[in-house]
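Peer 1: can you look at this prediction? I've put the sequence above it.
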Amino acid sequence: MTAAPNLLNAPEFTVSELSSALKRTVEDRFGHVRVRGEISGFRGPHSSGHCYFALKDETAKIEAVIWKFAHARMRFKPQEGLEVIATGKLTTYPNSSKYQIVIESLEPAGVGALMALMEERKKKLAAEGLFDEARKQLLPWLPEVIGVVTSPTGAVIRDILHRLEDRFPRRVLVWPVKVQGDGSAEQVAAAIRGFNALPEGGRLPRPDLLIVARGGGSLEDLWSFNEEIVVRAAAESHIPLISAVGHETDITLIDFVADKRAPTPTAAAEMAVPVRSELFVEITALARRVMVCWQRGQEARRNELRAAARALPAASELLAIPRQRLDHLGAALPRGLKANTHAHFRRFATSSARLTIGVLRGQVAHARQRLTVCGERIDLSARSLLRSRRERFAGLEIRLKASKLANAQAQRNAIARDLERTHRLAERARRALTTVMQRLEARVVHSGQLLSALSYRGVLERGFALVRDERGHAVHSAAAVGPGANLSIEFADGRVAATADADRAPATAVPASEPKAPRETKPAAPKRTAKPVDQGSLF
């Protein structure tokens, strides 16, 4: 209550004036700064060519913008999750009452904490074989029941249902979960395992296909789908699974383990089912083609049968020669049988004369001797090969130990040289930064002195005054002032309003914009006239 009367004479600010004052204060106080932080919410350049994102650390976040011309000059482009060192100037954005940094240059400072954790987890799961293509299942061509794991209140489930209704209506089971925040990863994993636990033929049908979907967002918003519990649940799913998390540029670990990745939830619905109208058209066309082909085939076979029937001779003519050959062979068969039997008997008698018990024993003894010699040779060869391999491995072991020690020493020397070089470069960078800051400070001081020297207010402080007309233009001569004209006279300490003397006859003068006419006796150059200039906006 006591402070209220003291504020009655305080100047009033409009919202625009207050925003402009804050903008000047922030820019004058900080100017160019270097900020280290992790890039968050980067989705690539805007359609205008500008880039909008945020820099954050463990406890704070600041909005950032890179203009189109600065982004084109940058050798290092911003990426989601990277830790960078940004150089630019602080300013404010009055339309939303927030401050931001306008980045002019960008340097990499390392991978952000979340990206580093994600890469480490990705390598671990890949080493376990969870991302192998051999583990992925084929999607069913036309699933009867589709299970969707998403938030029941978002636009994602409406997009999926609308797309399924347009393409091929199917029965959809929605398992409502949180898709962001604490406990969301456990709910998503429980939903995937719950769908897989449904019995086939039960009261609640078991889905033929699962869709895990969520809308776009920053890396922190999508982090639930990078959790190990969600990735392992998706890998253990016996039901084919489609991952539709975020937009096309968003990458999560569930995308690598899913049987299919969709860039958007709508695209996941398109992958799940074909277009019903197109199937009807295709089936109708195929049925028509099958019927036409069958009719053509039947007609072709009917024509071939008629042509073959006309070309075939009579049955008696076809069987005449084979019947004659059969009679001839039947007459010669008894003589052939007797001759064949006699030939086999002679061959058997000749073979039996050569087979005696002594010959068989000799062949067995010779085979046993060959077997003994071959066994001894094999034994000697195996011992020789084992001895040579043992000697070779001993030599390789000695060489490996020596190479290991030499490699370790070389690595230590390289690390020492790199460390020394890093220290030298850091010292050079510190000296260069100090020099640049001193030069910039000198330029700022010189510019301020030059601005003060060129300002028209220094002239006013020496006792002069500046006269302006009703439109705010400076008046250069008395001829330009009409009777009763409203004037504004600016002194060094303020402005005073005045009115021209109405009783004075108006002076006729040549307009300032027209040059004087030359004399007849002696030509002269026209006077140079000065354009009306607003002395308040010289800069």
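Peer 2: Looks like it arrived, so ask away.
Peer 1: mind listing what's buried in stretch 413-431?
Peer 2: Judged by neighbour count using 16 or more other C-beta atoms under 10 Å, stretch 413-431 contains no buried positions. (C-beta placed from N, C-alpha, C; glycine too.)
Peer 1: so that it lines up with my notes, have the first residue be 53 from now on.
Peer 2: Yes, from this point I'll number from 53; that puts the last item at stretch 465-483.
Peer 1: what distance separates that stretch from the centre of its chain?
Peer 2: Remark: stretch 465-483 is offset 35 Å from the chain centroid, using C-alpha atoms, centre = their mean, to the nearest Å.
Peer 1: could you dump that stretch to PDB, C-alpha only?
Peer 2: The C-alpha trace of stretch 465-483 is given here as PDB (Å, rounded to 0.1, in the frame of the first residue of the first chain):
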ATOM      1  CA  ASN A 465      54.400 -43.400 -27.300                       C
ATOM      2  CA  ALA A 466      51.600 -42.300 -29.700                       C
ATOM      3  CA  ILE A 467      49.300 -41.400 -26.800                       C
ATOM      4  CA  ALA A 468      52.100 -39.400 -25.200                       C
ATOM      5  CA  ARG A 469      52.800 -37.500 -28.400                       C
ATOM      6  CA  ASP A 470      49.100 -36.700 -28.900                       C
ATOM      7  CA  LEU A 471      48.700 -35.500 -25.300                       C
ATOM      8  CA  GLU A 472      51.600 -33.100 -25.700                       C
ATOM      9  CA  ARG A 473      50.200 -31.800 -29.000                       C
ATOM     10  CA  THR A 474      46.800 -31.300 -27.400                       C
ATOM     11  CA  HIS A 475      48.400 -29.200 -24.600                       C
ATOM     12  CA  ARG A 476      50.200 -27.100 -27.200                       C
ATOM     13  CA  LEU A 477      47.100 -26.500 -29.300                       C
ATOM     14  CA  ALA A 478      45.000 -25.600 -26.200                       C
ATOM     15  CA  GLU A 479      47.600 -23.000 -25.200                       C
ATOM     16  CA  ARG A 480      47.600 -21.500 -28.700                       C
ATOM     17  CA  ALA A 481      43.800 -21.400 -28.800                       C
ATOM     18  CA  ARG A 482      43.700 -19.600 -25.400                       C
ATOM     19  CA  ARG A 483      46.200 -16.900 -26.600                       C
END
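Peer 1: so for the helix or strand hosting residue 79, what's the average pLDDT?
Peer 2: Take DSSP states H and E as the rule and residue 79 turns out to sit in helix 67-82. Averaged across helix 67-82, pLDDT comes to 79.
Peer 1: buried residues in it, which are they?
Peer 2: Buried-residue list, helix 67-82, by 16+ other C-beta under 10 Å: 71, 75, 78.
Peer 1: measure the closest residue to the first one other than its chain neighbours to residue 152 for me?
Peer 2: In other words, residue 71. In space, and not counting its chain neighbours, residue 71 is closest to residue 146: 3.7 Å by C-beta to C-beta, 6 or more residues apart in numbering. Spatial separation of residue 146 from residue 152 under the definition C-beta to C-beta, to the nearest Å is 11 Å.
Peer 1: the two - which one has more neighbours?
Peer 2: Under the criterion of other C-beta atoms under 10 Å, the comparison of residue 146 against residue 152 puts residue 152 first, with 19 against 14.
Peer 1: surely the more buried one is within a strand?
Peer 2: Yes. Residue 152 forms part of a strand when assessed by DSSP: H, G, I helix; E, B strand; the rest coil.
Peer 1: pretty sure the residue nearest to residue 71 contacts residue 76?
Peer 2: No. Between residue 146 and residue 76 there is no contact under C-beta atoms under 8 Å: 11.6 Å.
Peer 1: all helices of the stretch 353-502 of the chain, in order?
Peer 2: Listed in chain order, the helices of the stretch 353-502 of the chain (DSSP state H, counting those that start in this stretch) span residues 367-406, 409-506.
Peer 1: with distance to residue 105 and mean pLDDT as extra columns, can I get these in TSV?
Peer 2: Shown next, in TSV, are the helices of the stretch 353-502 of the chain (distance: least, C-beta to C-beta, whole Å; pLDDT from 0 to 100):
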stretch	distance to residue 105	mean pLDDT
helix 367-406	92	82
helix 409-506	26	90
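Peer 1: alright, calling it a day.
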